[in-house]
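Q: Here's a sequence, model it:
(2 chains)
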2 protein chains.
Amino acid sequence: MQQLKERILHDGRCLPGGVLKVDGFVNHQMDAQLMHDMAAELVRRFHGVPVDKVFTIEASGIAPAIMVGWLLQCPVVFAKKKRPSTMHQPPLEARIRSFTKGVDTSIYVSREFLRRGERILFVDDFLANGSAARGILDLVCQAQARLVGMGFIIEKAFQHGGDALRREGIRVESLAVIDSLDDGIIRLRP
Amino acid sequence: MQQLKERILHDGRCLPGGVLKVDGFVNHQMDAQLMHDMAAELVRRFHGVPVDKVFTIEASGIAPAIMVGWLLQCPVVFAKKKRPSTMHQPPLEARIRSFTKGVDTSIYVSREFLRRGERILFVDDFLANGSAARGILDLVCQAQARLVGMGFIIEKAFQHGGDALRREGIRVESLAVIDSLDDGIIRLRP
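A: Presented below is the predicted three-dimensional model:
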């Protein structure tokens, strides 16, 4: 997606350890119009794929996911990183590892909101090593729901999470693919 | 907002301790069309108020805030509950108390994204005792920005956060006002 790529080159910054900082328009301050347009592009790429529910993880997945859900006219569920005090029945739980924070955490979803047979489109801001995506797969599998695709704003191809998911036959779409951040230079896939 | 009130009466549940559970359509599973329509109603109520930036707190404020920001065509910033590892400069920090979780936490915003003189509209899902709103006021004040209003999906009037904010001259708009959850019955203000 050209508009996103230009924005990444203009406003993105490389931090040590393969971190791409895009907090001026994606995951702290958000460009609302760009967020809408990225959601519309994801919807275009998944055209023809039947979706019952959009699924994401708090917090930075919520903005693209709610836009995709609104465009697809289907509910959006976000997995929580803490077990909410208002969740009385035991939720579904999966373990994930945060790439930027370097720690393992659990994600939770209420059994009520992820059900057997539902066709799930996962939407998130970043795909790196694919740990969050694996956690989502785990939850979808526990619920006996069906993952129909995964859509990301930015894929860091050099961390290979996307390759592994695609090898397993999962349809993965990323609006911008970063081939390398070596030497502090953002190299985007053409 | 009639549609929201009906949905609260239909799908909301009272939990002990004055908690209203609306996780089927507001803050775990989200009704994307309702989220859009609630945002549009907030925008209608703040018509004529100049807004430079929409401000919210992760996670459940993000969905209404991004919709409001998109409709107003302005950037949306969410305060973070953890200091991100990619935030190198010291961020602005305020302390808040979570009503449902009963613990004090800090919220953070990068100095880059909340600046002197900016006109800020705060959007969140719940207004209860107003602790999150106070934290936001604190951040806005530290940044020497200007709060022009606060818009909430649901206000629990019996916890009086809204009264105190309005007494201080802050414009507060809530799409549904709960007068009481006594005896497990949701009493909405007409």
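
Q: Give me the three-state assignment for A:I96.
A: Three-state assignment for A:I96 (DSSP: H, G, I helix; E, B strand; the rest coil): strand.

Q: these two touch, right, it and A:T105?
A: Yes - applying C-beta atoms under 8 Å, one finds A:I96 in contact with A:T105, separated by 6.2 Å. All C-beta spots, glycine's among them, are computed from the backbone N, C-alpha and C.

Q: the more surrounded of these two?
A: Ranked by neighbour count (other C-beta atoms under 10 Å in any protein chain shown), A:I96 and A:T105 place A:I96 first, with 21 against 14.

Q: Please list all residues in contact with the more buried one.
A: With C-beta atoms under 8 Å, 6 or more residues apart in numbering or on different chains as the criterion, the residues that contact A:I96 are A:57, A:104-107, A:131-132, A:134-135.

Q: which parts of the longest helix seen in chain A are buried?
A: Criterion DSSP state H: the longest helix present in chain A is helix A:32-45. Within helix A:32-45, the residues that qualify as buried by neighbour count (16 or more other C-beta atoms under 10 Å in any protein chain shown) are A:32, A:34-39, A:41-43.

Q: do the same with stretch A:107-116
A: Across stretch A:107-116, burial judged by 16+ other C-beta under 10 Å covers A:107-110, A:113-114.

Q: Can you narrow the residues you listed down to the ones near chain B?
A: Restricting the buried residues of stretch A:107-116 to those adjacent to chain B (criterion: C-beta under 8 Å from any C-beta of the partner chain) gives A:109-110, A:113.

Q: Narrow those to those in strands?
A: Using DSSP state E, the members of these that fall in strands are A:V109.

Q: And the ones next to chain B among the buried residues of stretch A:107-116, which is closest to B:V19?
A: Of all those, the one with the least separation from B:V19 (C-beta to C-beta) is A:S110, at 15.1 Å.

Q: Now for that closest one: which residues touch it?
A: A:87, A:89, A:91-92, B:23, B:28-29.

Q: Show me which of those are buried.
A: For the contacts of A:S110, buried by 16+ other C-beta under 10 Å: A:87, A:91-92, B:23, B:28-29.

Q: Take the residues you listed and write them to CSV, including secondary structure and pLDDT.
A: As requested, the buried ones among the contacts of A:S110 are arranged in CSV below (DSSP: H, G, I helix; E, B strand; the rest coil; pLDDT from 0 to 100):
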residue, secondary structure, pLDDT
A:M87, coil, 73
A:P91, coil, 96
A:L92, strand, 97
B:D23, coil, 96
B:H28, coil, 97
B:Q29, strand, 98
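
Q: of the residues you listed, closest to B:R187?
A: Using C-beta to C-beta, B:D23 is the member of the buried ones among the contacts of A:S110 that sits closest to B:R187, with 20.3 Å.

Q: May I ask you to name the longest strand in chain A?
A: Looking across chain A with DSSP E, the single longest strand is strand A:146-156.

Q: Could you see whether chain B lies near that one?
A: No - contact between strand A:146-156 and chain B, assessed by C-beta under 8 Å from any C-beta, is absent, since the two come no nearer than 13.3 Å.

Q: same question, stretch A:183-190
A: No - between stretch A:183-190 and chain B, judged by C-beta under 8 Å from any C-beta, nothing touches; the nearest distance is 14.3 Å.

Q: Okay, buried residues for that stretch please.
A: A:186, A:188.

Q: so how far is that stretch from its chain's centroid?
A: For stretch A:183-190, the distance between its averaged C-alpha position and the chain's averaged C-alpha position is 21 Å (C-alpha atoms, centre = their mean, to the nearest Å).

Q: quick revisit: which members of the contacts of A:I96 define the maximum pairwise distance?
A: Greatest spatial distance among the contacts of A:I96 (C-beta to C-beta): A:I57 and A:D104, at 14.3 Å.

Q: which one of those two has more residues nearby?
A: Of the pair A:I57 and A:D104, A:I57 is the one with more neighbours under other C-beta under 10 Å, namely 26 against 10.
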